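# Would you be able to build a 3D model of this:
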Amino acid sequence: MGHVDVLSTGALAPHRRIDYWNELASQTFTPQVVDPCNRACFDGELKQLSMHNLTIAEVSSDAAVIHHSKAQAAGARSQQFFVELQLEGQSVISQDGLEARLHSGDLTICDTTRPHEVAFERPVSVLILSLDVAHFRRFVGYPEVVTAVPMAGTTGLSGLASTFMRNAWGEIKSEPGTGDRVAT
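Below you'll find the model as predicted:
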């Protein structure tokens, strides 16, 4: 049965939070650098569950810019695609010259083997599904062509996906073992 791990900067001294958060984010997702807007009082929390070919993570963070450089992309452990769902706040995700401006409920896709940047001027909460390329291609034939494309969380199939992801994550957090059924 899956268990949701919760990791936070809250118990750390302020001068240790940024290094801890960068290490945690790079290990959980892909090599990256989180550059907070206010280094003196940055706070972040990660709730994560890994199962089968899927990692689900809820990230809550103070304002920051996340950089996944060309060198970091080249050194990615493996090709992963992130489906990023904006839970609270607003963010701008850039990849390949495109920008996805996300508001609560909206989602987009990122490719870990290509540079990208995520920027948010105020605190945010984001749900990230991380899937390996082979598994993701079962659902999206050519995901490379839809990275950093904003998908509205209120209408159409993307609205349905947004609602499903929110509801599934709520169930997974409240009922251990649900994640195993959702991931299959």
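# remind me which residues of the chain are low pLDDT?
1-2, 176-184 (pLDDT under 70).
# please redo it, this time with the cut-off set to 90
1-3, 50-54, 75-79, 132-146, 172-184 (pLDDT under 90).
# longest single helix anywhere in the protein?
In the chain, taking DSSP state H as the definition, the longest helix is helix 156-174.
# Distance from it to the middle of the chain?
Its chain's C-alpha centre and that of helix 156-174 lie 14 Å apart, by Cα atoms, centre = their mean, to the nearest Å.
# Contacts made by that helix with the rest, please.
2, 4, 47, 49, 56, 58, 83, 85, 87, 105-107, 127, 129, 151-154, 178-179, 182 (Cβ atoms under 8 Å, 6 or more residues apart in numbering). C-beta: built from backbone N, CA, C; applies to glycine.
# CA atoms of that helix as CSV?
Extracted C-alpha coordinates of helix 156-174, given in CSV (Å, rounded to 0.1, in the frame of the first residue of the first chain):
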residue,chain,number,x,y,z
GLY,A,156,-13.6,20.2,-22.1
LEU,A,157,-11.4,17.2,-21.6
SER,A,158,-8.7,19.3,-19.7
GLY,A,159,-11.4,20.3,-17.2
LEU,A,160,-12.4,16.7,-16.7
ALA,A,161,-8.7,15.8,-16.2
SER,A,162,-8.3,18.6,-13.7
THR,A,163,-11.3,17.5,-11.7
PHE,A,164,-10.2,13.9,-11.8
MET,A,165,-6.7,14.6,-10.7
ARG,A,166,-7.8,16.8,-7.8
ASN,A,167,-10.4,14.2,-6.6
ALA,A,168,-8.0,11.3,-7.0
TRP,A,169,-5.3,13.1,-5.0
GLY,A,170,-7.8,13.9,-2.3
GLU,A,171,-8.8,10.2,-2.0
ILE,A,172,-5.2,9.1,-2.1
LYS,A,173,-4.2,11.4,0.8
SER,A,174,-7.2,10.4,2.9
